[in-house]
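S.K.: Sharing a model that was predicted from the sequence below.
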Amino acid sequence: MPNGADDCVQLGPQGWTSCQSGEHVAVYGPVHGQIIGKVHAFSREEVDQAIGRLQEGFQSWKRMLLTERAQLLHQWADKLEANRAELAELLMLEIAKNHRDSLDEVQRSADFIHYTAEEGLRLAGETLFGDAFPGQTRQKVSIVGRVPLGVVLAIPPFNYPINLAVTKIAPALMGGNVVVLKPPTQGAIAGLNITRLAYEAGIPDNVIIAITGSGRVIGDYLISHPRVNMINFTGSTQTGQHIASKAIMVPLLLELGGKDAAIVLADANIERARDNIVSGAFSYSGQRCTAVKRVLVVEEIADQLATAVAQKVMTLSVGAPEADSVVTPLISNEAADFVWDMIHEAVAQGAVALTPLRREGNLIYPVVLDFVTRDMRVAWEEPFGPVLPIIRIHDAEEGVELANASEYGLQGAIFTQDVSQAFLLAEELDVGTVQINGKTSRGPDHFPFVGTKASGMGAQGVRYSLLAMTRLKSTVLNL
Ligand SMILES: NC(=O)C1=CN([C@@H]2O[C@H](COP(=O)(O)OP(=O)(O)OC[C@H]3O[C@@H](n4cnc5c(N)ncnc54)[C@H](OP(=O)(O)O)[C@@H]3O)[C@@H](O)[C@H]2O)C=CC1
Ligand SMILES: O=C(O)[C@H](O)COP(=O)(O)O
């Protein structure tokens, strides 16, 4: 499987070719900052041609028997599993995700495809009789089914370039749609490879097409393309809001940024809270939308929790993805600068660093900041890096107030042994998901995944994604 490490690669109906002409986009490896490959930068004309081919493919794909579509998806998942090691290598190279998590990402994606293929078979409609409505008779019968939307534009971010591609593509295809995959530039080689595996599995090359190129250059053309019928995007709130402003009368699914809070109450099991907070905050160096991005802890146990968290963080492995380090280099130097500035600004304002502040290029050692206050940027902004602010609160109500004061509303966590109180507090949190006594996280992937406020629009998760990427159609029999 070519990984593009040498020349520019392009994926066409005949498989891999060298880029013939036109612009290329370089993909940089975060570990050494070197170019690890080049991908073709699609021109507007090439985008038009690709979408034209997809529209042709749509005519036969939407008519294909559901069982046949499901079978092709199962075959695609099998290909991912068979190529798990190679795909994981690519993730380590392109986005510096550690080996274990890279393997997990591929397996999770294959599992998602299998599950979606099954769930898609059970997407039933309903029959409505007219006489249930005042003044009507049984002579009118509505047969309500679900039909595809057409061309779905799938745009995943760098942090899960395989999983967040597959969680868009599989439900779209199972629903009878055709897909333009616009992979993130860092993650584009992985995106091309999973597309190639889809072709090898028998999914026609006019049913899914990967369009590579920088989002800044080709993105606006894609999101406002008149023949795109739906956009399913995961990425930053800034880009998501930009897409929402450009895409007119096109259904949108948006998974955006977060600032998930873990509220820890006095009766919490400290060890459990510590373990969940540390793994929630620092896995993949905090580059997860669902990372624990703030701890809100009541004064009574704040010292104890802060010490326990800092001690555990000091044991985290830091370094190369191949060594399975928990904390690896961030995606770019710019991303590291952003995180580093936020840390130093907080310290200058009085936050206390409980771990050493250490940075080597774009590798930032994990940082726990205690005594963070509301006037600090780190209390509100999403760093997407290995820094965890601890904010001390008086009581649970203040925790809920602080959590809800965020512009984001992805997830929240509550640690307490009083499940009744946790449940009542959960009702007050303005987020898509509340975790009781567990870290914030997305999976299992058939659960609904929802962001409120600046964290997104719509619901993902196998069944929810199938529903979002199909629409109702009513055929009325007038007997
Ligand atoms: N809620 C959720 O489920 C998740 C949210 N996120 C959020 O994503 C962010 C990190 O991901 P990151 O990749 O940096 O996010 P970006 O918003 O920078 O990029 C996301 C994707 O959008 C593309 N893109 C950029 N500009 C445009 C445009 N004008 N039109 C269309 N596409 C465009 C990018 O392509 P290119 O790479 O070529 O620029 C990339 O594929 C964080 O804020 C994080 O919270 C991440 C994962 C999950
Ligand atoms: O994009 C993300 O960051 C993921 O959707 C989060 O998934 P995770 O909680 O399983 O890491």
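M.R.: Okay, I see it. Ligands and ions are numbered 1, 2, ... in the order given.

S.K.: mind giving me the domain ranges of this structure?
M.R.: The chain breaks down by automatic domain parsing into domains covering 8-257+457-478, 261-439.

S.K.: Using JSON lines, lay out those domains together with distance to ligand 1.
M.R.: Where C-beta positions appear, they are placed from N, C-alpha and C, glycine not excepted. Output for these, formatted as JSON lines (distance: least, CB to the nearest ligand atom, whole Å):
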{"stretch": "domain 8-257+457-478", "distance to ligand 1": "2"}
{"stretch": "domain 261-439", "distance to ligand 1": "3"}
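
S.K.: So which of those is nearest residue 446?
M.R.: The minimum distance between residue 446 and the domains of the chain falls on domain 8-257+457-478, with 4.4 Å, by CB to CB.

S.K.: Would you work out how far apart the start and end of the closest one are?
M.R.: End-to-end distance of domain 8-257+457-478 (CA to CA, to the nearest Å): 59 Å.

S.K.: Is there proximity between it and ligand 2?
M.R.: Yes - residues of domain 8-257+457-478 contacting ligand 2 under CB under 6 Å from any ligand atom: 159-160, 164.

S.K.: if we take the residues you listed, which one ends up nearest to residue 65?
M.R.: Once CB to CB is applied, the member of the residues of domain 8-257+457-478 next to ligand 2 that ends up nearest residue 65 is residue 164, at 28.5 Å.

S.K.: Surely the closest one touches residue 233?
M.R.: No - using CB atoms under 8 Å as the test, residue 164 is too far from residue 233 to be in contact (9.7 Å).

S.K.: so what sits against both of these two?
M.R.: Residues touching both residue 164 and residue 233 by CB atoms under 8 Å, 6 or more residues apart in numbering: residue 255.

S.K.: For the residue of the chain most remote from its centre, which three-state class applies?
M.R.: Farthest-out residue of the chain from its mean C-alpha position, per CA atoms, centre = their mean: residue 135, at 48.3 Å. Classification of residue 135 using DSSP: H, G, I helix; E, B strand; the rest coil returns coil.

S.K.: Spatially nearest residue to residue 171, not counting backbone neighbours?
M.R.: Nearest non-adjacent residue to residue 171, counting by CB to CB, 6 or more residues apart in numbering: residue 465, 3.8 Å away.

S.K.: From the chain's centroid, how far away is the helix or strand hosting the one you found?
M.R.: Taking DSSP states H and E as the definition, residue 465 sits inside helix 462-468. Remark: helix 462-468 is offset 15 Å from the chain centroid, using CA atoms, centre = their mean, to the nearest Å.

S.K.: which other residues reach whichever helix or strand comes after that helix?
M.R.: Remark: after helix 462-468, the chain's next helix or strand is strand 470-478, criterion DSSP H and E. Applying CB under 8 Å, 6+ apart, the external contacts of strand 470-478 come out as 123, 125, 139-149, 175-177.

S.K.: Check stretch 437-444 too.
M.R.: Contacts of stretch 437-444 (CB under 8 Å, 6+ apart): 108, 258, 260, 262, 268-269, 272, 276-277, 279-280, 288-292, 410-416, 422, 433, 435, 449.

S.K.: Sheet partners, orientation included, of the helix or strand hosting residue 38?
M.R.: According to DSSP H and E, residue 38 maps onto strand 35-40. Strand 35-40 has its sheet partners listed here by DSSP bridges as strand 8-12 (parallel), strand 24-28 (antiparallel).

S.K.: after the first one comes which helix or strand?
M.R.: Following strand 8-12 in sequence order, the next helix or strand is strand 15-18 (DSSP H and E).

S.K.: which helices and strands sit right next to that following strand?
M.R.: In terms of contacts (3 or more CB pairs under 8 Å, 6 or more residues apart in numbering; DSSP states H and E), strand 15-18 is packed against strand 8-12, helix 188-200.

S.K.: In CSV, list the ones you listed along with mean neighbour count and mean pLDDT.
M.R.: Putting the helices and strands packed on strand 15-18 into CSV (neighbours: other CB atoms under 10 Å; pLDDT from 0 to 100) gives the following:
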stretch, mean neighbour count, mean pLDDT
strand 8-12, 20, 81
helix 188-200, 24, 97
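
S.K.: which one of the ones you listed lies closest to residue 348?
M.R.: Here helix 188-200 is closest among the helices and strands packed on strand 15-18 (CB to CB), at 38.0 Å.

S.K.: Now for the residue farthest from the centre of the chain: which residues touch it?
M.R.: Per CB under 8 Å, 6+ apart, neighbours of residue 135: none.

S.K.: and the gap between it and residue 378?
M.R.: 61 Å (CB to CB, to the nearest Å).

S.K.: Count the neighbours of residue 126 for me.
M.R.: 10 (other CB atoms under 10 Å).

S.K.: which helix in the chain runs the most residues?
M.R.: Identified as the longest helix of the chain according to DSSP state H is helix 99-121.

S.K.: and it with helix 188-200, angle?
M.R.: Using axes from the mean of the first three to the mean of the last three CA atoms, to 10 degrees, the direction of helix 99-121 lies 40 degrees away from that of helix 188-200.

S.K.: Can you spell out which helices and strands pack onto helix 99-121?
M.R.: The helices and strands touching helix 99-121, judged by 3+ CB pairs under 8 Å, 6+ apart, are helix 66-82, helix 84-95, helix 163-174, helix 462-468.

S.K.: Contacts for the first one, please.
M.R.: Defining contact as CB under 8 Å, 6+ apart, one finds that helix 66-82 is touched by 61, 87, 106-107, 109-111, 113-114, 116-118, 120-121, 162, 166, 170, 173-174, 176, 194, 197-198, 200-203.

S.K.: What are the buried residues along that helix?
M.R.: 69-70, 72-77, 79-80 (16 or more other CB atoms under 10 Å).
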